[in-house]
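S.K.: Structure of the sequence below:
(one chain, ligands or ions: 1)
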Amino acid sequence: MMNYIADPPGTEPGTAPEPAVQAESLTVARGPRTVLRALDFTVPRGQITGLLGPSGCGKSTLMRSIVGTQAKVTGTLNVLGRPAGHPTLRTRIGYVTQAPSVYDDLTVRQNLDYFAAILDPGRAAATRRHDDVTRAITDVDLTTHADSLAGNLSGGQRSRVSLAVALLGTPELLVLDEPTVGLDPVLRRDLWALFHDIAASRGATLLISSHVMDEAERCHRLLLMREGEILADDTPDALRTATGSDTVEAAFLHLVDEAVATARQKETTR
Ligand SMILES: Nc1ncnc2c1ncn2[C@@H]1O[C@H](COP(=O)(O)OP(=O)(O)OP(=O)(O)O)[C@@H](O)[C@H]1O
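M.R.: As a prediction, the model looks like this:
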């Protein structure tokens, strides 16, 4: 069962804002296995936090827990001041899964119209929806493809349609699961510029997973994961300095070696 922490002291106007995500002893089982083990971390508001770690370490499971679609979650997990999965969070969070979730037989604009109508139903909302859809298509640079069938787009363009869906309704928290996989370097650079613009101009919080370590350098903060645990929770600069490394990749490898050595030491002293 999940617990809920009431707003911590210090959230009055003029004091530090509460984090976008706050986890204590967050544990998740998938099938017979515990895939996230007693995680404690926070995701600060208005910044880009990168969730980095090797394939299978639990990044998607952590993201699914935050957006409220993961079963068997225990411990405490607060999102935007509510327990994860709370119905009022639905329109406040944008979530992009690894597989683009778009309808191939609809155009880009029709896909967005459809999802916008689900988010904000009713005839009176039609004008608002039209504006939201046009803005989201512009944000992801698909204006010239607005009337193309999604099924005729490239993989990268389809990923951007999914991202545009997540941008509908101007969410406060964007959870993006490996949004740049398979994209060419120019598109990756442009998407990261868009992520920074969303954080800076709208004050949105972005949690972005990747296993490409050079993308870590583009984040304000990093959560480095390995085998269901968080190895480090800090800024790229602080991680490089603490480990005496030139890159985040080298810092990550340093931390992995340290974790393996500590585990071995524990084994031998048992
Ligand atoms: N449906 C499932 N049932 C049981 N175990 C699962 C299921 N999905 C994932 N797992 C296991 O949970 C662990 C974490 O998986 P998860 O998809 O969260 O990792 P990830 O870090 O996102 O990996 P990737 O980078 O490859 O997407 C893995 O060991 C995986 O085998």
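
S.K.: Give me the distance between the helix or strand encompassing Arg188 and the centre of its chain.
M.R.: Per DSSP states H and E, Arg188 falls inside helix 185-202. Relative to the centre of its chain, helix 185-202 is centred 14 Å away, using C-alpha atoms, centre = their mean, to the nearest Å.

S.K.: which residues are in contact with that helix?
M.R.: 46-48, 139-141, 156, 160, 163, 167, 170, 174, 176, 179-180, 183, 204-206, 208, 215, 218, 220 (C-beta atoms under 8 Å, 6 or more residues apart in numbering). Heads up, the C-betas are built off the backbone N, CA and C, glycines and all.

S.K.: again with stretch 84-102
M.R.: If you take C-beta under 8 Å, 6+ apart as the criterion, stretch 84-102 is touched by 2, 60, 63, 65-69, 73, 77-80, 82, 111, 119-120, 150, 155, 158-159, 161-163, 165-169, 171-179, 181.

S.K.: I'd like the list of the contacts of helix 185-202 that fall within strands, please.
M.R.: 48, 174, 176, 205-206, 208 (DSSP state E).

S.K.: circling back to that earlier point, now, of the contacts of stretch 84-102, which are buried?
M.R.: 60, 63, 65-68, 73, 77-80, 111, 119-120, 150, 158-159, 161-163, 165-169, 171-179 (16 or more other C-beta atoms under 10 Å).

S.K.: so which of these also contact the ligand?
M.R.: Applying C-beta under 6 Å from any ligand atom to the buried ones among the contacts of stretch 84-102, one finds that Ser60 fall near the ligand.

S.K.: Among the buried ones among the contacts of stretch 84-102, which are located in helices?
M.R.: The helices, defined by DSSP state H, take in 60, 63, 65-67, 111, 119, 158-159, 161-163, 165-167 from the buried ones among the contacts of stretch 84-102.

S.K.: what's the lowest-pLDDT member of the residues you listed?
M.R.: Across the set of these, Leu119 stands lowest in pLDDT, at 82.

S.K.: Now it: closest residue in space, sequence neighbours ignored.
M.R.: Excluding its sequence neighbours, the residue lying closest to Leu119 (C-beta to C-beta, 6 or more residues apart in numbering) is Gly169, at 5.0 Å.

S.K.: Report whether the expected contact of the one you found with Asp120 is present.
M.R.: Yes. Assessed by C-beta atoms under 8 Å, Gly169 is found in contact with Asp120 at 6.7 Å.

S.K.: Please enumerate the shared neighbours of those two.
M.R.: 91, 132.

S.K.: ok, now how distant is the closest residue to the ligand within the stretch 101-250 of the chain from Pro54?
M.R.: Residue nearest to the ligand within the stretch 101-250 of the chain (C-beta to the nearest ligand atom): His211, separated by 5.4 Å. As defined by C-beta to C-beta, to the nearest Å, His211 lies at a distance of 6 Å from Pro54.

S.K.: More neighbours: which of these two?
M.R.: His211 (17 against 12; other C-beta atoms under 10 Å).

S.K.: burial count for Asp246?
M.R.: Residues near Asp246, counting by other C-beta under 10 Å: 9.

S.K.: How about the residues of the stretch 101-250 of the chain by the ligand?
M.R.: His211.

S.K.: quick one on the thing from earlier: tell me which residues in the helix holding Arg188 are buried?
M.R.: Neighbour-count burial for helix 185-202 [16+ other C-beta under 10 Å]: 187-188, 190-192, 194-195, 198-199.

S.K.: quick one: contacts for the nearest residue to Leu167 once chain neighbours are set aside?
M.R.: Sequence neighbours aside, Ala136 is the residue nearest to Leu167 in space, at 4.5 Å (criterion: C-beta to C-beta, 6+ apart). With contacts defined as C-beta under 8 Å, 6+ apart, the neighbours of Ala136 are 112, 164-165, 167-168.

S.K.: Report the two of these separated the most.
M.R.: Maximum pairwise distance among the contacts of Ala136 (C-beta to C-beta): 9.3 Å, between Leu112 and Leu167.
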